[in-house]
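Novice: Could you work out the structure for the sequence below:
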Amino acid sequence: MEIMKKLILLLFIILTSCVKEVDVFGTNYYVSTSGSNGNPGTYSQPWATWNYGFNHINAGDTLFIRGGTYMGTSAYANGTYNMVYVSGKNGSSSSKYNVFAYPVETPILDCSNFTGNGRRFGIDLESCSYWHIKGLTVCRLPAYNADLNMGFVNHGSHHLTFENCTAHH
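Specialist: Predicted coordinates for the structure are as follows:
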C-alpha cells in the first residue's frame with residue numbers, strides 16, 4: 001500500500017511538471033469582430049483588434065483570435081507602416097506568447113485599407129522572442145512603389161514559431 005501511495009505521488013509530480021511546460025497557468029484572452037478594445041479581453045467580452053490583443057498579453061498567455069475578417073488600421077512605427085506592431089516582448093522556452101486562431105475558425109487580417117507611404121507589413125515582431133503564432137491569415141497588403149511589403153515579418157527576433165499561417169494578395 002505504501003508503494004502505491006509513492007507511485008501516485010510520483011505520477012502527480014510528473015504530470016504537474018508537464019502541465020507547467022505547456023503554459024496552462026497563463027491567461028486566455030480573446031479578440032472578436034464584435035469586440036471592443038475597452039473590454040477585458042475575456043471570451044464573453046473580447047477585444048476588437050489584433051494589434052491591441054498582441055500588445056496586451058504577457059508571456060505565458062494565449063490570445064485566441066475568433067474567426068472573421070478584421071479591417072486593420074495602419075500605424076507608423078520604426079520606419080515602417082504596420083497593421084500589428086510588437087516590440088521588445090520576450091517570453092522564454094517555458095513561457096511563450098501564444099497567438100492562435102480560435103479552434104475551427106479562420107481569422108483574417110484584411111490590409112486593403114492600408115495607409116502610409118513606405119514599407120508596409122501586416123504583422124511585425126521587432127526584438128521579440130518566444131512567440132508561437134498559429135492559424136492566422138494576412139491578406140490584401142497593397143504595394144507601395146514596389147517597396148518591400150510582407151504579411152509576416154520580424155526584425156531582431158528569435159525563437160518564433162509560425163504554424164499554419166498564410167499571407168496572400
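
Novice: give the contact list for the closest residue to Ala101 other than its chain neighbours.
Specialist: Closest residue in space to Ala101, ignoring its immediate chain neighbours: Gly135 at 3.0 Å, by Cβ to Cβ, 6 or more residues apart in numbering. Where you see a C-beta, it was placed from the backbone N, CA and C, and this is true even at glycine. If you count contacts by Cβ atoms under 8 Å, 6 or more residues apart in numbering, Gly135 has them with Phe100, Ala101, Thr106, Pro107, Glu163, Asn164, Cys165.

Novice: quick one: which of these sit in strands?
Specialist: Per DSSP state E, strands hold the following members of the contacts of Gly135: Phe100, Ala101, Pro107, Glu163.

Novice: Tell me the confidence at the residue nearest to the first one when sequence neighbours are not counted?
Specialist: Closest residue to Phe100 apart from its sequence neighbours, by Cβ to Cβ, 6+ apart: Lys134 at 4.6 Å. The score at Lys134 is 98. That number is its pLDDT.
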